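Peer 1: missing the sequence, but the structure's below:
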């Protein structure tokens, strides 16, 4: 086998979440009430546009969640076989050896970006480095000459050869080509959508096309297509230029910033989604118990979350992260690779964030349960002698789900931002793990230096902004569709 | 009262061809379609109609206060010679409050809870009369006294939460009057209030109108209120006025089939025990208004022309006009089935339900340690008995504890003392499991059909829940067949089982709630105001259904209500509650025809009758129901009773038996008995 699959814990959780989302989607399609609510989301133009953008981010995150260790070359394999288990070798063939470095599918796709490292900082689309260096060269007479100049980059714009002045023309040409390609791709996509709609609604193509753009279809296809167009217009030029240039420049150790930004997406998604796996059970379970049973159960749970939410959040998180760090540092034998260590640290951070942030939703659910339990249909169920747990399961939980879904989507963006803040403070993810927070943390020094290095902060900012904005817009659309008060009036 | 003619006939408000529509997606749904009417100074025009017929939209349209989706699609509104629809917004603000003022249905939400009464009055005075400081204060006091609020100085500095419901509505009226309006629009001003308070407020409105010669547009669904208040009546149906007549003509010779049906659907003595007239079907939805007469699909006289051509206004007498193709109505009413009330033979067997000295006290906790500092005596020693196949009505005003009695019988609330026995078995001491076989013997139907069905469950699941929980095995037929059978019993199709509650109208939802209760085959059904959230015509359907079920299945009903017309129609026995105790009980004839307790008398006199002649003299009850946390010493009723004596202030009266079935707790009779 050319590679050894590596399954990290966070990969498992991400894919489980993916499957769970699929199952939930299938279930809610079967329930007519949920279906109409989701159809309302589908009609929201801003919601569908942001969902399209989010989908691209999720795709990047999912590609980055399939990890493996590549097989080493044959002669290197002989060297590495010394520490492999001898029993594995069969028929005298040397056992396969795999690299210590854990790569993901995204890494494989982005190999050129990942491997073409410069020496240090370079500006976006530059052909020369950002700082002057002493360069030794031989002149025509064969004399060794020392000059101080901006050195040529090893990879950025190397295809231009000596013709560095032709850079702008080259970039312009590539942009034009990317633009043409983007328009072509979008046109194909739009035509395919119209054809499908025409097939489904049994009308002419022209009519389907008109329905899409005059907003008469049951689904906001025009928003999806517009968002897809915008994504294509950004992604294709980036891709075309990234082959030969560092589109967002390079960082201190010469790594491509675009690569870093794309890798950060997964970290943000894990933080935003896996954390809710911790908060949801806690807040639903405790909130419903407190609201339904009241009395001492309510008192106990209320004291618990009041106390927890009175402790300054950052302090609590800092303490927990530091303890975990000590634990991890003391037990290096637990982890086969650095990636596994970083991954476990990420999950631990999710867990800690989850344990400290369930109180808000819990309070909300308790209040709603208090209101629901007085409703007449709950009393009717009690009059039938239905057991309490069954009442909670059949009557209370389904009527709380809209709050849970709204909270889930809304918390996502705040958790992504929280990660950035925590990493900035230095108590976030592992320093070797690329995330928006670590990028911003590094940028702190870069902004202070003269001349200023602005591009990695700018790139991190733009991508994070796009992700959080899309999540927030989707959250608004979901809330409008699921909140019974708002949905009723619209 | 014919002084409407002697008053100056100056027209205040003239509405012509007013059309109001609501934006829904891309289309406009017409809610009000070509309404025209006039209101003169000093007269009251009652706009009568069922919910959803466009009454409130009309009123809000006059003030240009329609919700965001509402549009005035056409027509003219002329107020004192000015066209309101073309007035700029700045001048319109002077008209609102200054020219015409509005009183809303719910006093609890129409006052701002964080401002004092004085502040809210002052705002209007400053805006419309330019008063501030001392003059404004004096004017506010005057207004509060005018609406009958005692101790006006103190009330001026109080917040709405410190006032009772009736008091809030009085303040609301004072606020409306502050700008000296010439026209008062009252949108269901008493619907949220108890009958005795309603009578007070209606009397106040009549008196204020006479003093100020105001015009009044009264929006209501209650024929009783119309009979008391109106000079002229306009009946609205599906966004149109279908009949308009002076009051006397309206109550004696209403011509439109819809109006006639409304009268026929009212439960009253004449049709006791028989079936009520119902209007089949429902008001057509806004999006699918029929082309011809809008009532045609529900009208028994409709013929082909009605469906084809919308009827035009027709003058049939002075001031009496209607929209109907029919020239003369076949004499209805005569056939109104007075199906002789089949008297159930007196119950001799052991009573199905017997409640003895039931008490439900809620502790009042205060302080950090949550010590109990007192009790709200919601139910304070209630005893009653109910036999199979009989209906006992529990009557009283809000807050008297009648719903708590129902819930305590069902063991939804733990009783503090006393016993509840069903089929001779004590319920109170049983643990959850042991109670289960008795649970299926009694069920409850709730007041609000919108809150009593879980919106996330299909109708089949809702009905099946009780069967599952009580493990009722369906011999042979299976759950689905049983659900279909019970749906059929309440007059719904079997296909309804797969639909969700929001797809049904209020009346249909109440049928589902009844089906849910019936599914476990109970002997006793506790009905907690099952019709008070429904329109008159739908109420009639539900009452008929309940009567049929009682006859077929021998159900016993404990009917909790404040509506005496319903009591009269359905009940065999009546118990009147006041502050957690039953003050009078007896058969329905004894209690309603010859009430003995002063409270019962006052209550009955306050009920507005839907006839012009039948209204007895209103016995005015001063004040409002005291708090059950701190009931008056002695007889609870003595502070409001005109016949109170020293004995009433000292001790609670014992039960005096007047006949085999009639008993009352009042000192007036215990003395008689002693002599």
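Peer 2: Arrived safely. What you see is a predicted model, and the numbers here were worked out from it, not measured in a lab. Numbers count the residues shown, from 1 in each chain, chains lettered A, B, ... in the order given.
Peer 1: How about the residues of chain A by chain B?
Peer 2: By C-beta under 8 Å from any C-beta of the partner chain, the residues of chain A that approach chain B are A:32-33, A:375-377, A:379-387, A:390, A:394-395, A:398-399. Any C-beta I mention is one placed from the backbone N, CA and C, and that applies to glycine too.
Peer 1: Return the subset of the residues you listed lying in helices.
Peer 2: A:32-33, A:376-377, A:379-383, A:390, A:398-399 (DSSP state H).
Peer 1: if we can go back for a sec, now list the buried members of the residues of chain A next to chain B.
Peer 2: Neighbour counting with 16 or more other C-beta atoms under 10 Å in any protein chain shown marks A:33, A:375-377, A:379-386, A:394-395, A:398-399 as buried within those.
Peer 1: Now for those: which two are most distant?
Peer 2: The span of those, defined through C-beta to C-beta, is set by A:33 and A:385 at 26.6 Å.
Peer 1: Local confidence estimate at residue B:345?
Peer 2: With respect to pLDDT, residue B:345 has a value of 46.
Peer 1: Pick out whichever of the ones in helices among the residues of chain A next to chain B sits closest to residue B:440.
Peer 2: Of these, the one sitting nearest to residue B:440 (C-beta to C-beta) turns out to be residue A:383, at 9.9 Å.
Peer 1: who touches that closest one in this structure?
Peer 2: Residue A:383 sits next to B:410, B:412, B:439, B:442-444 when contact means C-beta atoms under 8 Å, 6 or more residues apart in numbering or on different chains.
Peer 1: Roughly how far does residue B:498 sit from residue B:492?
Peer 2: In this structure, residue B:498 and residue B:492 are 12 Å apart, going by C-beta to C-beta, to the nearest Å.
Peer 1: Give me the more crowded residue out of these two.
Peer 2: Taking residue B:498 and residue B:492 together and counting by other C-beta atoms under 10 Å in any protein chain shown, residue B:492 has the greater number of neighbours (20 against 11).
Peer 1: isn't the more buried one right up against residue B:507?
Peer 2: No. Taking contacts as C-beta atoms under 8 Å, residue B:492 lies outside contact range of residue B:507: 10.6 Å.
Peer 1: before we move on, back to that, okay if I get the contacts of residue A:383 as JSON lines plus distance to residue B:226, pLDDT and secondary structure?
Peer 2: Below are the contacts of residue A:383 laid out as JSON lines (distance: C-beta to C-beta, whole Å; pLDDT from 0 to 100; DSSP: H, G, I helix; E, B strand; the rest coil):
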{"residue": "B:410", "distance to residue B:226": "37", "pLDDT": "88", "secondary structure": "coil"}
{"residue": "B:412", "distance to residue B:226": "38", "pLDDT": "86", "secondary structure": "coil"}
{"residue": "B:439", "distance to residue B:226": "44", "pLDDT": "84", "secondary structure": "helix"}
{"residue": "B:442", "distance to residue B:226": "38", "pLDDT": "88", "secondary structure": "strand"}
{"residue": "B:443", "distance to residue B:226": "36", "pLDDT": "90", "secondary structure": "strand"}
{"residue": "B:444", "distance to residue B:226": "33", "pLDDT": "90", "secondary structure": "strand"}
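Peer 1: So among those, which ones count as buried?
Peer 2: Buried members of the contacts of residue A:383, counted by 16+ other C-beta under 10 Å: B:410, B:412, B:439, B:442-444.
Peer 1: Chain B against chain A: which residues are in contact?
Peer 2: Going by C-beta under 8 Å from any C-beta, the residues of chain B near chain A are B:407, B:410, B:412, B:432, B:435-436, B:439-440, B:442-444, B:446-448, B:451-457, B:462, B:465-466, B:469-470, B:500, B:513, B:516-517, B:520.
Peer 1: Which members of those are positioned in strands?
Peer 2: The strands, defined by DSSP state E, take in B:442-444 from the residues of chain B next to chain A.
Peer 1: so what strands line up beside the helix or strand containing residue B:15?
Peer 2: Assessed by DSSP states H and E, residue B:15 sits inside strand B:11-24. Paired neighbours of strand B:11-24 in the sheet (DSSP bridges): strand B:27-40 (antiparallel), strand B:70-79 (antiparallel).
Peer 1: For the first one, list every residue counted as buried.
Peer 2: Neighbour counts over strand B:27-40 (16+ other C-beta under 10 Å) mark B:28-40 as buried.
Peer 1: Over to the shortest one?
Peer 2: Judged by neighbour count using 16+ other C-beta under 10 Å, the buried positions of strand B:70-79 are B:70-73, B:75, B:77-79.
Peer 1: do you know how far residue B:651 is from chain A?
Peer 2: Using C-beta to the nearest C-beta, to the nearest Å, we find residue B:651 at a distance of 37 Å from chain A.
Peer 1: is it true that residue B:389 touches residue B:557?
Peer 2: No. With contacts counted by C-beta under 8 Å, residue B:389 stays clear of residue B:557, the gap being 9.4 Å.
Peer 1: With neighbour numbers in mind, choose between these two.
Peer 2: When residue B:389 and residue B:557 are compared for neighbours, residue B:557 comes out ahead with 24 against 18, by other C-beta under 10 Å.
Peer 1: Give me the phi and psi for residue B:418.
Peer 2: phi 90, psi 170 (degrees, to the nearest 10).
Peer 1: where does chain B have low pLDDT?
Peer 2: Within chain B, the stretches with pLDDT under 70 are B:1-9, B:268-273, B:328-350, B:432, B:473-477, B:613-616, B:671-675.
Peer 1: In it, spot the strand with the most residues.
Peer 2: As assigned by DSSP E, the longest strand anywhere in chain B is strand B:371-386.
Peer 1: helices or strands next to it in the packing?
Peer 2: strand B:353-366, strand B:391-395, helix B:402-409, strand B:417-422, strand B:581-587 (3 or more C-beta pairs under 8 Å, 6 or more residues apart in numbering or on different chains; DSSP states H and E).
Peer 1: now the ones you listed in JSON lines, with mean neighbour count and distance to residue A:286?
Peer 2: Putting those into JSON lines (neighbours: other C-beta atoms under 10 Å in any protein chain shown; distance: least, C-beta to C-beta, whole Å) gives the following:
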{"stretch": "strand B:353-366", "mean neighbour count": "17", "distance to residue A:286": "24"}
{"stretch": "strand B:391-395", "mean neighbour count": "26", "distance to residue A:286": "40"}
{"stretch": "helix B:402-409", "mean neighbour count": "25", "distance to residue A:286": "28"}
{"stretch": "strand B:417-422", "mean neighbour count": "18", "distance to residue A:286": "35"}
{"stretch": "strand B:581-587", "mean neighbour count": "24", "distance to residue A:286": "42"}
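Peer 1: Of all those, which one is nearest residue A:340?
Peer 2: Of these, nearest to residue A:340 by C-beta to C-beta is strand B:353-366, at 55.1 Å.
Peer 1: Just the angle for that closest one relative to strand B:417-422, thanks.
Peer 2: Put simply, strand B:353-366 runs at 140 degrees to strand B:417-422, going by axes from the mean of the first three to the mean of the last three C-alpha atoms, to 10 degrees.
Peer 1: hmm, back to that, of the residues of chain B next to chain A, buried ones?
Peer 2: Among the residues of chain B next to chain A, those classed as buried by 16+ other C-beta under 10 Å are B:407, B:410, B:412, B:435, B:439-440, B:442-444, B:446-448, B:451-454, B:456-457, B:462, B:465-466, B:469-470, B:500, B:513, B:516-517, B:520.
Peer 1: Could you check which residue of the stretch 51-200 of chain B lies nearest chain A?
Peer 2: At 8.3 Å from chain A, residue B:69 is the closest residue in the stretch 51-200 of chain B, using C-beta to the nearest C-beta.
Peer 1: Alright, that wraps it up for me.
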